[in-house]
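Chemist: one predicted model, sequence on top.
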Amino acid sequence: MDSKRPLTPEEIHQALAVEILDQDGTKTTLGDLIKGKKVILIFIRHFWCTNCQVYTYQFGKSIPPSSLPSGVEAYIIGCGSSAPIPTYIQNTQSPYPVYTCPSLDLHRIFDFTRTLKGPPSPSSSRADDQDRKTYLDGVGGGTKRTWLAIKQNLFTNPLHGSDKVRGPSDQNGGEVVFEQDGTCSYIHRMQNVVDHTELKDLAEIIGAEYVPLTEKQKAFPG
């Protein structure tokens, strides 16, 4: 799959009609949300994914609203019900609004992958510098991130654990930039469970000021 295949006009047309929900369960369409604005949409995996929680947390710190160019807005979009959104905002300290697309229609239209595949091992012949995601530096390995997912989610909201509520475990996301005229200038589809666009690169793509984080600031709460 081409992770950066441009969206067709028809795909954009279809996407703008898709309904999404905010943290209160209020419906809107993607078209109404982004109309007349340049926006960056961060599509996360399921709401219990620690990798994506870390990315959302660091996105809010490295590219805070104050660093966005005038007229640019950012939104986080999940793939489950709206029920986990308040806890997700609390866990990630996100300064950006969080929505969800429970129908997964946006994920299908944007051709986001469905896989539980992890990144190539550092010793693998397929691994290169692009496979190393710096947003996970200092957060700990897979075991620690799994424990964080259990502690921050399963222990506190066990009723949110089904795929229907938190989102499918294998549904990946990515990053999409829409211009003010409704065209899509950038799309990246995650190829594995940690494959978000590097935040420094994302800031450059949207013309935002990137705020480097210290190791202490990178440490995900919890």
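Modeler: That came in fine, so what should we check first?
Chemist: from now on I want contacts and neighbour counts done on CA atoms only, so please keep to that.
Modeler: OK.
Chemist: what residue lies at the spatial centre of this structure?
Modeler: I44 (3.0 Å; Cα atoms, centre = their mean).
Chemist: residue contacts, it?
Modeler: C52, I76, I77, G78, C79, N172, G173, G174 (Cα atoms under 8 Å, 6 or more residues apart in numbering).
Chemist: what are the ranges of the strands in this protein?
Modeler: 19-21, 27-29, 38-43, 72-78, 98-100, 174-178, 184-189 (DSSP state E).
Chemist: any stretches of this structure with poor pLDDT?
Modeler: Residues of the chain that meet the criterion pLDDT under 70 lie in 121-132, 138-159, 222.
Chemist: tell me how far the residue nearest to the centre of the chain lies from G36.
Modeler: 24 Å (Cα to Cα, to the nearest Å).
Chemist: got it, and F47?
Modeler: Applying Cα to Cα to F47 and G36 gives a distance of 28 Å.
Chemist: V177 now?
Modeler: Taking Cα to Cα, one finds V177 at 13 Å from G36.
Chemist: neighbour count: these two, which is higher?
Modeler: Shown here are V177 and G36; by other Cα atoms under 10 Å, V177 has more neighbours (21 against 14).
Chemist: what helices or strands is the longest helix seen in the chain leaning on?
Modeler: Longest helix in the chain, counting residues (DSSP state H): helix 50-62. If contacts are counted by 3 or more Cα pairs under 8 Å, 6 or more residues apart in numbering; DSSP states H and E, helix 50-62 sits against helix 85-92, helix 142-149.
Chemist: pull out the buried residues from stretch 12-26.
Modeler: Neighbour-count burial for stretch 12-26, counted by 16 or more other Cα atoms under 10 Å, picks out I12, Q14, A15, L16, V18, E19, I20, L21, D22, Q23.
Chemist: now these in TSV, with distance to D201?
Modeler: Shown next, in TSV, are the buried residues of stretch 12-26 (distance: Cα to Cα, whole Å):
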residue	distance to D201
I12	24
Q14	28
A15	25
L16	26
V18	28
E19	29
I20	27
L21	28
D22	28
Q23	29
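Chemist: just name the closest of these to G182, please.
Modeler: I12 (8.1 Å; Cα to Cα).
Chemist: list the contacts of the closest one.
Modeler: Neighbours of I12 in contact, by Cα under 8 Å, 6+ apart: T183, C184.
Chemist: return the distance of stretch 180-187 from the chain's centre.
Modeler: 17 Å (Cα atoms, centre = their mean, to the nearest Å).
Chemist: check stretch 77-84 too.
Modeler: 12 Å.
Chemist: ditto for stretch 112-123
Modeler: 16 Å.
Chemist: quick check, G25 in contact with S82.
Modeler: Yes: at 5.6 Å, G25 counts as touching S82 under the criterion of Cα atoms under 8 Å.
Chemist: for Y99, see how far away F220 is.
Modeler: From F220 to Y99 the distance is 21 Å (Cα to Cα).
Chemist: do E11 as well
Modeler: 20 Å.
Chemist: check V177 too.
Modeler: 16 Å.
Chemist: re earlier: quick one: which of F220 and Y99 has more around it?
Modeler: Y99 (26 against 20).
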